[in-house]
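Engineer: coordinates only, no sequence provided:
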Ligand SMILES: C[S@@+](CC[C@H](N)C(=O)[O-])C[C@H]1O[C@@H](n2cnc3c(N)ncnc32)[C@H](O)[C@@H]1O
């Protein structure tokens, strides 16, 4: 009997990576599965690459555990908010807001959205000591299990379990939190995709080395410096800190397009004239330094060659280029108010401006891009302070402008108040684009203990006033709604959330057998079957925003979308089989390449019959149709 998709009993800290190696380099393994290192060296050597002798690496307590977390299958299921998603405003949307722990969510997205995301922006907990970051993990490994799966000594396993269960905020804890999230997120990036990560001094060094490990050092593009305060902040002991960093990595630098930045209105102001070629302004042709000396004949025959001090004048361009430009009308020779001849040329607006690493007011789309501007934006939407230190949309717009095109998907899996989603909608409103956002936020409770009540009071009051749970997720959702209303954005968004695994579903998985398992798959109700369908459609590569259509085979109901057909319910009869074959014959638009049956609702005998019928049919029609029994 096949195992469940969610079985983690064989997953270790390197099981997936080994599978990739075995699949792609079978000759590097002997018949007992041992790795033959020199065969791999041959491959690398033949490509002319040197073997690096450097053994520099980032190590921390919990690294192998973090690798194990990255490799594990999800421990949750996915559920849709059917009421919200059915609404007219949202039913055709391709935007997503997903509630849940982002590691789980990223794993659920990893097949459907594999290599689909152009830009990721995240603003994770900075681990400042005061930002509430603590390592939180409800996995229940014994030290023996962890030692086996992570391939580490018992003592190390014990020390890791101590910090994972003790709400630690050490550097190791933070790195263990970040590694698997970045690792899985990378799989979602397109080959020309990029990731931007906001960070401050507390973890920026750790983050750089961590990203080198996940994305490859050669894909590091830069550290942007964002001046996040107008006046110098005074909150540090010795030096007023007034910036944060944004680390940028390409998924693969070889595919990264040239980056051009949009001009700020202030920058554009100078280019006040325009001809058929471009915008321009008249700039002086005379240069203070340089060695391009030649005489220029003025309209009245006066020859400009020496300045008022008798020194030769150097011009901006070569004489031959000057002549061409003069002929074209790109040069004018006029008298200044002092009645002296002067030479001007058309300073044309460059095709694009390279982004600069220092993000200060002037460069940020004309100002309003500090943390307090972010707060002011939220205040403007809600009339309340409902989120501490949101990023300003102008900052995210700057990043979107550098990289995103009109059809791209943008992901933020630490959504907070939803600034990224807001910025994506704002940019679409500005340039008529159709960018999509996917944004993820955990249902973090708004802390109402006496210590935090003051800080969260307005957010709590807001949630109470609209009758929703007191969570950050509800703030994210409300922000996206308000921002889209304000912008007149009609793209809507669908809501999904992670949902706990059914009780007993994963128990006894190792000896799983439909006849003996304690889990009763037949007893799942309609809603639970829907949860499985939602989770499986993403697993089978369908977008969450793609619909599964109900299809009737006689009286038996199946679900069909993107060439995958699901038979989830029991009661599949000969009559249904007959109707299924007829539909395959008659309906041109019905071309499943995969049939997934829910094993618990199909006795082995029925599974065999169905398989045989399909094999006969396939042989007759020579079509590809794979049947999978899934548990
Ligand atoms: C610094 S805030 C992001 C602020 C956001 N950039 C904005 O402008 O509003 C980080 C957010 O990540 C959320 N978060 C932390 N851990 C998470 C997890 N494991 N999964 C999903 N969200 C998480 C926190 O609840 C918080 O809202």
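Structural biologist: Okay, I see it. Bear in mind the structure is a predicted one, so any value in this text is a computation, not a measurement. Numbers count the residues shown, from 1 in each chain.
Engineer: please count neighbours and contacts with C-alpha atoms only from this point.
Structural biologist: Will do.
Engineer: residue ranges in the stretch 101-250 of the chain under the pLDDT threshold?
Structural biologist: Along the stretch 101-250 of the chain, segments meeting pLDDT under 70 span 232-235.
Engineer: I'd say residue 248 and residue 197 touch.
Structural biologist: Yes. Counting by CA atoms under 8 Å, residue 248 touches residue 197, with 6.6 Å between them.
Engineer: next one: the residue in the stretch 501-631 of the chain that the ligand sits nearest to from residue 531, what distance?
Structural biologist: Relative to the ligand, the nearest point of the stretch 501-631 of the chain is residue 501 (17.7 Å; CA to the nearest ligand atom). Applying CA to CA, to the nearest Å, the value for residue 501 to residue 531 is 10 Å.
Engineer: can you check residue 210 too?
Structural biologist: 35 Å.
Engineer: please apply the same query to residue 45.
Structural biologist: Distance from residue 45 to residue 531, by CA to CA: 49 Å.
Engineer: between the two, who's got more neighbours?
Structural biologist: Between residue 45 and residue 531, counted using other CA atoms under 10 Å, the more crowded position is residue 531 (18 against 13).
Engineer: hmm, the more buried one is touching residue 82, no?
Structural biologist: No. Residue 531 is beyond contact range of residue 82, at 10.9 Å (criterion: CA under 8 Å).
Engineer: can you map out the helices along the stretch 301-450 of the chain?
Structural biologist: 319-328, 371-382, 393-403, 419-431, 450-466 (DSSP state H, counting those that start in this stretch).
Engineer: redo these as a markdown table? Include mean neighbour count, distance to residue 11 and mean pLDDT.
Structural biologist: Shown next, in a markdown table, are these (neighbours: other CA atoms under 10 Å; distance: least, CA to CA, whole Å; pLDDT from 0 to 100):
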| stretch | mean neighbour count | distance to residue 11 | mean pLDDT |
| --- | --- | --- | --- |
| helix 319-328 | 13 | 67 | 95 |
| helix 371-382 | 18 | 42 | 95 |
| helix 393-403 | 21 | 36 | 94 |
| helix 419-431 | 22 | 34 | 96 |
| helix 450-466 | 15 | 40 | 91 |
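Engineer: what's the span of stretch 31-51, first residue to last?
Structural biologist: 26 Å.
Engineer: which other residues reach it?
Structural biologist: 27-30 (CA atoms under 8 Å, 6 or more residues apart in numbering).
Engineer: can you tell me what sits against the helix or strand residue 605 falls within?
Structural biologist: For residue 605, the element it lies in under DSSP states H and E is helix 604-621. Here helix 604-621 makes contact (CA under 8 Å, 6+ apart) with 577, 581, 624-625, 627, 629.
Engineer: got a ChimeraX select line for the buried ones in these?
Structural biologist: This is the ChimeraX syntax for the buried subset of those, where burial follows 16 or more other CA atoms under 10 Å:
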select :577,625,627,629
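Engineer: what's the closest of the contacts of helix 604-621 to residue 181?
Structural biologist: Using CA to CA, residue 629 comes nearest to residue 181 of the contacts of helix 604-621, at 30.2 Å.
Engineer: for whichever residue of the stretch 451-600 of the chain sits closest to the ligand, give me the pLDDT.
Structural biologist: Per CA to the nearest ligand atom, the residue of the stretch 451-600 of the chain with the smallest distance to the ligand is residue 472, at 6.0 Å. Looking at residue 472, its pLDDT is 97.
Engineer: what's the local residue count around it?
Structural biologist: Neighbours of residue 472 under the rule other CA under 10 Å: 26.
Engineer: what do you get for residue 194?
Structural biologist: 25.
Engineer: I'd assumed it was in a helix, is it?
Structural biologist: No. Read with DSSP: H, G, I helix; E, B strand; the rest coil, residue 194 is strand and lies in no helix.
Engineer: got the contact list for it?
Structural biologist: By CA under 8 Å, 6+ apart, the contact list for residue 194 reads 118-120, 248-251.
Engineer: closest one of these to residue 308?
Structural biologist: Distance to residue 308, by CA to CA, is smallest for residue 248 among these, at 50.4 Å.
Engineer: hang on, that closest one in a strand?
Structural biologist: Yes. Under three-state DSSP, residue 248 falls within a strand.
Engineer: give me the neighbour count for it.
Structural biologist: 22.
Engineer: okay, and the beta partners of it?
Structural biologist: Beta-bridge pairing for residue 248 (DSSP bridges): residue 196, residue 222.
Engineer: related to what we said a few turns ago, most neighbours, which of the contacts of stretch 31-51?
Structural biologist: residue 28 (19 neighbours).
Engineer: which non-adjacent residue is nearest that residue?
Structural biologist: residue 36 (5.0 Å; CA to CA, 6 or more residues apart in numbering).
Engineer: need the contact list for the residue lying closest to residue 333 once chain neighbours are set aside.
Structural biologist: In this structure, residue 333 finds its nearest non-sequential neighbour in residue 343, 4.5 Å apart by CA to CA, 6+ apart. By CA under 8 Å, 6+ apart, residue 343 lies in contact with 284-286, 331-334.
Engineer: turn the buried ones among the residues you listed into a named PyMOL selection, would you?
Structural biologist: Selection of buried members from the contacts of residue 343 for PyMOL, criterion 16+ other CA under 10 Å:
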select buried, resi 284+285+286+331+332+333
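Engineer: adding distance to the ligand, write the contacts of residue 343 out as CSV.
Structural biologist: Listed next are the contacts of residue 343 as CSV, based on distance: CA to the nearest ligand atom, whole Å:
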residue, distance to the ligand
284, 44
285, 46
286, 48
331, 48
332, 50
333, 52
334, 53
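Engineer: in CSV: the contacts of residue 343, plus distance to residue 266.
Structural biologist: Converted to CSV, those look like this (distance: CA to CA, whole Å):
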residue, distance to residue 266
284, 21
285, 23
286, 25
331, 25
332, 26
333, 28
334, 27
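Engineer: just to revisit the earlier point, just the contacts of helix 604-621: which are in strands?
Structural biologist: 627, 629 (DSSP state E).
Engineer: check the contacts of helix 604-621 and tell me the two furthest apart.
Structural biologist: Between any two of the contacts of helix 604-621 (CA to CA), the greatest distance is 18.6 Å, for 581 and 629.
Engineer: helix or strand: which one has residue 529?
Structural biologist: helix 526-539.
Engineer: quick one: that helix to strand 626-630, angle?
Structural biologist: 130 degrees (axes from the mean of the first three to the mean of the last three CA atoms, to 10 degrees).
Engineer: for residue 276, grab phi and psi.
Structural biologist: In terms of degrees, to the nearest 10, the main-chain angles of residue 276 are phi -70, psi -20.
Engineer: burial measure for it, as a count.
Structural biologist: A count of neighbours around residue 276, defined by other CA under 10 Å, yields 5.
Engineer: ok, now how distant is the residue nearest to residue 333 from the ligand?
Structural biologist: In this view, residue 343 and the ligand are 50 Å apart by CA to the nearest ligand atom, to the nearest Å.
Engineer: alongside the ligand, which residues does the stretch 201-350 of the chain contribute?
Structural biologist: Residues of the stretch 201-350 of the chain lying near the ligand by CA under 6 Å from any ligand atom: none.
Engineer: which residue packs closest to whichever residue of the stretch 201-350 of the chain sits closest to the ligand, ignoring adjacent ones?
Structural biologist: Using CA to the nearest ligand atom, the single residue of the stretch 201-350 of the chain nearest to the ligand is residue 246, 11.9 Å away. Excluding the flanking residues, the one nearest residue 246 by CA to CA, 6+ apart is residue 198, at 4.3 Å.
Engineer: any idea which element the one you found lies in?
Structural biologist: Counting by DSSP H and E, residue 198 is part of strand 189-199.
Engineer: that strand to helix 393-403, inter-axis angle?
Structural biologist: 150 degrees.
Engineer: helices and strands around the helix or strand that comes right after strand 189-199, which ones?
Structural biologist: Next helix or strand after strand 189-199 toward the C-terminus (DSSP H and E): helix 204-215. Counting contacts by 3 or more CA pairs under 8 Å, 6 or more residues apart in numbering; DSSP states H and E, helix 204-215 is packed against helix 171-188, strand 243-250.
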